[in-house]
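[1] what shape does this take:
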Amino acid sequence: MRVSVASFELRVVSASRVVALAMVGAMVLCASAQKKPKRDDQLSGYDKSARATVLHTANLYTMADATTPPISTVTAGHEVVILSHNGPWVSVLANTDAKEDDDDASRPEFTDPGSNPDPSSGWIRDKGVVSTTTPNGDALIFGYAAQLEAEAAEPHPPKDAASAAHLLYRRVAEYFPNSPLAAEAAYRSADIRWQLDKADISTLPSAREQDAMLRPRLYDGELKRVMKYFPQTPQAAKAAYDLIDDKLCGDWQGLPKCPEMETNLYLKYAQQYAGGPKAAEAMYQAAYRQGALVTLYLVDDNGKRSEAAAKNCQAIADQMKQKYPDSDWTERAMSIAFRVAQGVPIYGNDRS
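    A predicted model of the protein is given here:
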């Protein structure tokens with residue numbers, strides 16, 4: 001919740017995901033009753049039933065014989081196309097070195113075998129292979145993705161655990177679009193990639209620029225697809241909240257304009273997604289920024305605006321108490337408002 005992608009540790013596993021899983025079934029069933037547009041991930045040059053992924057690292061052999069040296073490996077989450085079965089072996093086209101395409105991440109990894117020579121043909125053991133026709137395949141893939149995501153949050157995570165979780169969650173949404181797990185899987189996949197990219201960009205000098213336009217843009221295609229294909233769901237609301245990151249200042253540089261602008265971003269979000277799982281957090285972020293502005297305005301010798309910011313901070317905390325009485329974010333906002341009223345700086349050092 002940066003370091004490089006290879007060593008990245010997912011630091012925050014959202015607590016709201018537990019609640020989201022309880023809600024997702026009813027929400028997706030409701031959404032599926034409406035006519036849906038044709039999904040990009042359904043446009044494949046191969047029969048959809050032939051698409052599969054693996055839940056472990058599988059060796060790829062030129063023939064169905066484990067005594068021969070493997071020619072490559074297929075890692076968890078990467079896709080294979082099943083061509084045939086031979087006892088305990090499966091003949092596949094394995095996309096072992098496919099890279100995510102930032103311009104069109106929803107494009108199928110396989111199109112026409114004549115125009116795309118990248119997939120490697122070979123044999124893998126018929127172990128841990130989950131296809132679109134595997135009973136409970138959605139739960140099997142989702143469960144392993146959740147395990148890898150949890151492992152990625154540990155102090156010393158397995159290599160590529162986060163990226164594998166990203167791909168596995170994505171397979172759930174692609175292979176089982178009508179599953180009650182599809183919306184949550186799509187969001188988790190998009191969120192993991194977003195957090196990985198955000199952490200990478202944070203290591204660049206431009207990450208501290210005040211203007212967000214002066215740093216590389218985060219790829220938002222996957223999050224926007226969650227909002228497109230699962231509208232009016234908790235997952236769409238969480239995806240929209242992630243997108244705010246790309247509009248925030250890298251560094252306030254002690255000037256009021258950044259927290260002013262960011263306050264409006266969060267309040268607008270909280271109004272648009274008032275019933276969503278991130279609404280209370282968004283209001284807290286707005287309260288924090290108003291609390292910070294109290295100090296920043298004083299530095300500029302603008303007492304009137306400082307007083308107004310203090311009142312705004314208290315007003316936001318009061319609204320949260322009415323709307324979200326059971327949220328931890330409400331208590332945090334109330335604490336900020338109390339400290340502001342007591343003259344305790346929220347931004348900078350308290351040297352009194």
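[2] burial count for residue 210?
    13 (other CB atoms under 10 Å). For every residue, glycine as well, the C-beta is placed using N, CA and C.
[3] check the gap between it and residue 204 for me.
    For residue 210, the distance to residue 204 equals 15 Å [CB to CB, to the nearest Å].
[4] domain-wise, how is the chain divided?
    Per automatic domain parsing, the domain ranges recorded for the chain read 16-174, 252-341.
[5] state the mean pLDDT of the shortest one.
    The reference is to domain 252-341. Summarised as a single mean, pLDDT over domain 252-341 is 97.
[6] thought residue 179 was touching residue 172?
    Yes. Counting by CB atoms under 8 Å, residue 179 touches residue 172, with 6.6 Å between them.
[7] next one: stretch 312-321 to chain centre, how far?
    Put simply, stretch 312-321 sits 29 Å off its chain's centre (CA atoms, centre = their mean, to the nearest Å).
[8] cool, stretch 138-157 as well?
    The chain centre lies 14 Å from the centre of stretch 138-157; the measure is CA atoms, centre = their mean.
[9] dump the C-alpha coordinates for it into CSV.
    Below are the C-alpha coordinates for stretch 138-157, written out as CSV (Å, rounded to 0.1, in the frame of the first residue of the first chain):
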residue,chain,number,x,y,z
ASP,A,138,-12.5,-18.5,-10.0
ALA,A,139,-12.1,-19.3,-6.3
LEU,A,140,-9.0,-21.4,-6.9
ILE,A,141,-7.2,-18.6,-8.7
PHE,A,142,-8.5,-15.9,-6.4
GLY,A,143,-7.4,-17.9,-3.3
TYR,A,144,-3.8,-18.3,-4.6
ALA,A,145,-3.7,-14.6,-5.6
ALA,A,146,-4.8,-13.6,-2.1
GLN,A,147,-2.1,-15.8,-0.6
LEU,A,148,0.6,-14.2,-2.8
GLU,A,149,-0.7,-10.7,-2.0
ALA,A,150,-0.4,-11.4,1.7
GLU,A,151,3.1,-12.8,1.3
ALA,A,152,4.1,-9.7,-0.7
ALA,A,153,3.2,-7.6,2.3
GLU,A,154,5.7,-9.5,4.5
PRO,A,155,9.1,-7.9,5.4
HIS,A,156,10.9,-10.3,3.1
PRO,A,157,8.4,-11.3,0.4
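[10] need the domains of the chain in TSV with mean neighbour count and distance to residue 198, can you?
    Listed next are the domains of the chain as TSV, based on neighbours: other CB atoms under 10 Å; distance: least, CB to CB, whole Å:
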stretch	mean neighbour count	distance to residue 198
domain 16-174	17	12
domain 252-341	19	16
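[11] show me the shaky parts of the stretch 101-250 of the chain.
    For the stretch 101-250 of the chain, the stretches flagged by pLDDT under 70 are 101-118.
[12] centre-most residue in the chain?
    Nearest to the mean C-alpha position of the chain, by CA atoms, centre = their mean, lies residue 191 at 0.4 Å.
[13] show me what the one helix or strand that one maps to is packed against.
    Element membership of residue 191 [criterion: DSSP states H and E] is helix 182-201. Helix 182-201 sits against helix 16-32, helix 137-152, helix 161-175, helix 221-229, helix 234-243, with contacts defined as 3 or more CB pairs under 8 Å, 6 or more residues apart in numbering; DSSP states H and E.
[14] many thanks, have a good one.
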